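Undergrad: sequence plus the predicted model coming up.
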Amino acid sequence: MKNPYRWLIYSGGMAVLALGITLNTKTGLGVSPIISVAYSVSQIFSLNFGDMTFLLYILFVAVQLALRDKGERAATLLQIVVSLIFSRLLNLCDALLPYDSGSHSLFANLLLLAAAIILTGLGIAMTINMRLFPNPGDGIVQAIADKIGKDQGMTKNIFDIGCVCATAAVGLCFGGKIIGIGIGTIAAMIGVGRAVALFNHFFQDKMLAAAGMAAERKV
């Protein structure tokens, strides 16, 4: 049985990640690229954001099943469970945080955006470092990178750009304007990766040691 602290850190990371993404949407400055399509659809058609994120993640899992070897497909399917739990966490955070960006100054919204980026980076670091079940948004990037033989960082940047373009197209076609894309989207594209690197620099060894994974760290 895996070290219980490994599951605790992973679960905490899921909660922190959901909080970070929710705060990003609350700023009114643009949402994280990876879930921007789900956000724009939810806004245009008055649908539940968590439910739309779940459907988007199901699509990500389906793409991974097509890209990965047969031996990896069973583990990939488990991401559906992760998607369901994560989408419920998004709904919970949204319900518990009734923040109205229009009632606050730009400075306050920018501070919230900074907090959102930091929390998102922390959540990603906690979940990825535990090497259990990746969030489908991270899983699809890894699957594409493995398939095309490219660096994951570069693949992530290209994938984010694709998500932003798809979001812009959905907004213009069905809402008559671009929805969910703004300075917060660009800040997330740049800042989240830096936040992950920062947390890993200072805390990765401690996290891995607490989870009983110190010997598993990759150089």
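TA: Structure received.

Undergrad: for Ala209, give its distance to Gly13.
TA: 16 Å (CB to CB, to the nearest Å). C-betas here are computed from N, CA, C, even on glycine.

Undergrad: more crowded one of these two?
TA: Gly13 (22 against 13; other CB atoms under 10 Å).

Undergrad: tell me the contacts of the more buried one?
TA: Listed by CB atoms under 8 Å, 6 or more residues apart in numbering, the contact set of Gly13 reads Leu122, Gly123, Ile124, Ala125, Met126, Thr127, Met130.

Undergrad: thought the fifth one was touching Val16?
TA: Meaning Met126. Yes. The pair formed by Met126 and Val16 meets the contact definition of CB atoms under 8 Å, at 6.5 Å.

Undergrad: hmm, back to that, looking at the contacts of Gly13, which is nearest Lys150?
TA: Ile124 (19.7 Å; CB to CB).

Undergrad: pretty sure the closest one sits against Leu17.
TA: Yes. At 6.2 Å, Ile124 and Leu17 qualify as touching, with contact defined as CB under 8 Å.

Undergrad: return every residue with contacts to both of these two.
TA: Common contacts of Ile124 and Leu17 (CB under 8 Å, 6+ apart): Asn135.

Undergrad: any low-confidence regions in the chain?
TA: Applying pLDDT under 70 to the chain flags the ranges 1-2, 215-219.

Undergrad: quick one: the helices in it?
TA: Taking DSSP state H to define them, one finds helices in the chain at 4-26, 36-44, 49-67, 70-77, 79-96, 106-130, 136-148, 152-170, 183-210.

Undergrad: now the third one against helix 152-170, angle please.
TA: Looking back up the chat, that one is helix 49-67. Per axes from the mean of the first three to the mean of the last three CA atoms, to 10 degrees, the angle that helix 49-67 makes with helix 152-170 is 130 degrees.

Undergrad: and helix 49-67, which residues are buried?
TA: By 16 or more other CB atoms under 10 Å, the buried positions in helix 49-67 come out as 49-54, 56-58, 60-61, 63-64, 67.

Undergrad: kindly reformat those residues as TSV containing distance to Ala115.
TA: Output for the buried residues of helix 49-67, formatted as TSV (distance: CB to CB, whole Å):
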residue	distance to Ala115
Phe49	19
Gly50	21
Asp51	25
Met52	24
Thr53	20
Phe54	25
Leu56	24
Tyr57	24
Ile58	29
Phe60	26
Val61	30
Val63	31
Gln64	31
Leu67	34
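
Undergrad: can you show me the CA trace of stretch 160-168 as PDB?
TA: Taking C-alpha atoms only, stretch 160-168 is exported to PDB below (Å, rounded to 0.1, in the frame of the first residue of the first chain):
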ATOM      1  CA  ASP A 160      -2.400  26.400 -24.400                       C
ATOM      2  CA  ILE A 161      -2.300  28.500 -27.500                       C
ATOM      3  CA  GLY A 162      -4.700  26.000 -29.200                       C
ATOM      4  CA  CYS A 163      -7.100  26.200 -26.300                       C
ATOM      5  CA  VAL A 164      -7.100  30.000 -26.400                       C
ATOM      6  CA  CYS A 165      -7.800  29.900 -30.100                       C
ATOM      7  CA  ALA A 166     -10.600  27.400 -29.700                       C
ATOM      8  CA  THR A 167     -12.100  29.600 -26.900                       C
ATOM      9  CA  ALA A 168     -12.000  32.700 -29.100                       C
END
